[in-house]
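J.: Provided below for reference: sequence and predicted model.
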Amino acid sequence: EGDVRPLMLAEYESSDKVLVFNHLGGMFAFDVVGVPEGASSFEFAANRPIKGTFLVDGDEVSTGEEEVDSRVTFTFPALKQVEDMKFFVPVPTGEYPGFTVTISDGENTLVTKSSSKTNIIMRNNLRKFTLAASEIVYVTVNGAGARTGATWADATTLTSALENAKDGQVIRVAGGTYIPEKVLPGSTDNSELRKAFLVNRHVNIQGSYKAGTSDTDTLATPTIISGQIADGINAYHAMVVAAAGKGNVTLKGLRFSNASPLKAHTDELIAQAMVTVADGINVPDYRGTLYLASDAVIRSCVISDNFSEFHGKTDGTLGIGMYVHSGVKALVENSTFANNSGGACGGAICVAGTLDLNNVLFEGNSANHSGAVHNNGVVSVSNCVFNSNEARNGFAGALRIQGSKADVQKSVFVGNISHNHGGAIQINRNPMTTIKDCLFKDNTAVGAYGGAIANWGGATSTVSNSTFVGNKAEVTDKQTKPIGGAIVNMYQTSSS
């Protein structure tokens, strides 16, 4: 009816369902790979004047009363890391002689992509586009073709991709086993034990691709970052993340295994077993199969079957699976730490910086103290499961919180064992720990106190809305009675 255009509404239920159009127009669909960190706005501008009003996800969007360039803007929470995103833009039918897509942080333009190709949008018509907001580098175990990394057919190697990496790149890694080829820079010797993949740019490494496709499957085509250099030779680290400056490194869909951090049980080893990989970044040989010396996001990864020798030097070998360096902020979600063992503290993880854990499984990890996680920094735990972890000769079968801040919620602790206080958790000298909405079941403190939780040495803790079932303290000394089958609170501590 003249200049009046119909209301337009597109319903998109999920990626595997057909779009249902409830309007008389069509739609542009954009699959954007590598939307940069900090992005909060996506704008579509068509090179044709239109006017009218339509709806996007129920929110009215108007181009105004006067004819203007078709322009639709979506806003979203600022990304904390590089993400792949999808955007759907409903438009009136007609001919569109090109368009421009702009991604910004609300103030600064981060990415601009334009097309001059004419697209004809018909009723109920969907035009799909894939845009690379970040440069994509393709990796296979041995490389292929010209080895430029520009396509799967010309894939490069992981070593080459990391050596030539640029901030903001997306590195897609095909399934296979990747073994470090080069010794870490700064090493004073050429020992194979100091070989590791070094990530020194803010990149997004995505694993478990089926080569030649955009499909990933962590079970059928896993990308394994292995520390096993040869039979009987296991490197101290599989990967070291040390990207200077502001920004995150993102690791997704990778499996880290078969590394063996050094047994650092003497002061001499602790002082000398160190590599300076960059200015101000020192990486000890005795900490972390995956060593985080700069901010990182870990998603859908498995860290398993890494090992070291057990010992009691509590400032020595820490975090067999992963180590979070002081000052580093890291997020781990939808991941698994399993069967990592050895060292003094933290069979799975040691935290000296700040770590958020969300939907992470810790299973079968062990150390002398802190069978799964040892926290000397700040840790937040939510929706996690700690199952069958063990402190072989010390405190905290699953989680030790020492002199640091911790928030634990909506998590399950089952079947963890310590051979000292705190079958599941030991809290020591901590200014504030909050435990909420958790389940503690069948955890055991052998030869000591606090079958589930030991609140110790001046710690202040709050436990609320949590359930304790079947936990027990077993004291082997016949002259000492077991204390705190569920919780023990001792030595000038405060709990509620």
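T.: Noted; the coordinates are in hand.
J.: From S214, how far off is T462?
T.: The gap separating T462 from S214 is 47 Å, by Cβ to Cβ, to the nearest Å. C-betas here are computed from N, CA, C, even on glycine.
J.: The longest strand along the chain - contacts with which helices or strands?
T.: Selection of the longest strand in the chain by residue count, based on DSSP state E, yields strand 109-121. If you count contacts as 3 or more Cβ pairs under 8 Å, 6 or more residues apart in numbering; DSSP states H and E, strand 109-121 packs onto strand 26-35, strand 94-104, strand 126-132.
J.: Pick the most buried one from these.
T.: strand 26-35 (a mean of 21; mean count of other Cβ atoms under 10 Å).
J.: Please export the C-alpha coordinates of that one as PDB.
T.: What follows is strand 26-35, C-alpha atoms only, in PDB (Å, rounded to 0.1, in the frame of the first residue of the first chain):
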ATOM      1  CA  GLY A  26      13.500 -12.200   3.000                       C
ATOM      2  CA  MET A  27      16.700 -12.400   5.000                       C
ATOM      3  CA  PHE A  28      20.400 -12.000   5.000                       C
ATOM      4  CA  ALA A  29      22.200 -14.600   7.200                       C
ATOM      5  CA  PHE A  30      25.800 -14.100   8.300                       C
ATOM      6  CA  ASP A  31      28.000 -16.700   9.800                       C
ATOM      7  CA  VAL A  32      30.900 -14.600  11.100                       C
ATOM      8  CA  VAL A  33      34.100 -16.500  12.000                       C
ATOM      9  CA  GLY A  34      36.400 -14.900  14.700                       C
ATOM     10  CA  VAL A  35      34.400 -11.900  16.000                       C
END
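J.: Offset the numbering so it begins at 7, please.
T.: In the new numbering, first residue 7, that becomes strand 32-41.
J.: so what strands line up beside it?
T.: Using DSSP bridges, the strands paired with strand 32-41 in its sheet are strand 89-97 (antiparallel), strand 132-138 (parallel).
J.: Would you format these as CSV with mean pLDDT and distance to L361 included?
T.: Listed next are the strands paired with strand 32-41 as CSV, based on pLDDT from 0 to 100; distance: least, Cβ to Cβ, whole Å:
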stretch, mean pLDDT, distance to L361
strand 89-97, 82, 20
strand 132-138, 84, 31
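J.: nearest residue to V147 other than its sequence neighbours?
T.: G182 (4.0 Å; Cβ to Cβ, 6 or more residues apart in numbering).
J.: I figured the one you found hits T229, correct?
T.: Yes - G182 is in contact with T229 according to Cβ atoms under 8 Å; the separation is 6.6 Å.
J.: For the protein, which segments count as helices?
T.: Secondary structure of the chain (DSSP state H): helices at 164-169, 273-278.
J.: May I see those helices organised as a markdown table, with mean neighbour count, distance to G40 and mean pLDDT added?
T.: Compiled in a markdown table, those are given as follows (neighbours: other Cβ atoms under 10 Å; distance: least, Cβ to Cβ, whole Å; pLDDT from 0 to 100):
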| stretch | mean neighbour count | distance to G40 | mean pLDDT |
| --- | --- | --- | --- |
| helix 164-169 | 20 | 15 | 97 |
| helix 273-278 | 13 | 40 | 79 |
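J.: what about stretch 233-253, how long is it end to end?
T.: When the termini of stretch 233-253 are compared using Cα to Cα, to the nearest Å, they are 26 Å apart.
J.: low-confidence ranges in the chain?
T.: 7-31, 55-76, 409, 437, 483-486, 497-502 (pLDDT under 70).
J.: middle-most residue in it, spatially?
T.: I304 (1.5 Å; Cα atoms, centre = their mean).
J.: State the distance from G325 to N125.
T.: Look at G325 and N125: by Cβ to Cβ, they are 52 Å apart.
J.: Comparing these two, which residue is more hemmed in?
T.: G325 (33 against 18; other Cβ atoms under 10 Å).
J.: quick one, phi psi at the more buried one?
T.: phi 70, psi 70 (degrees, to the nearest 10).
J.: and what of N426?
T.: Dihedral pair for N426: phi -170, psi -150, per degrees, to the nearest 10.
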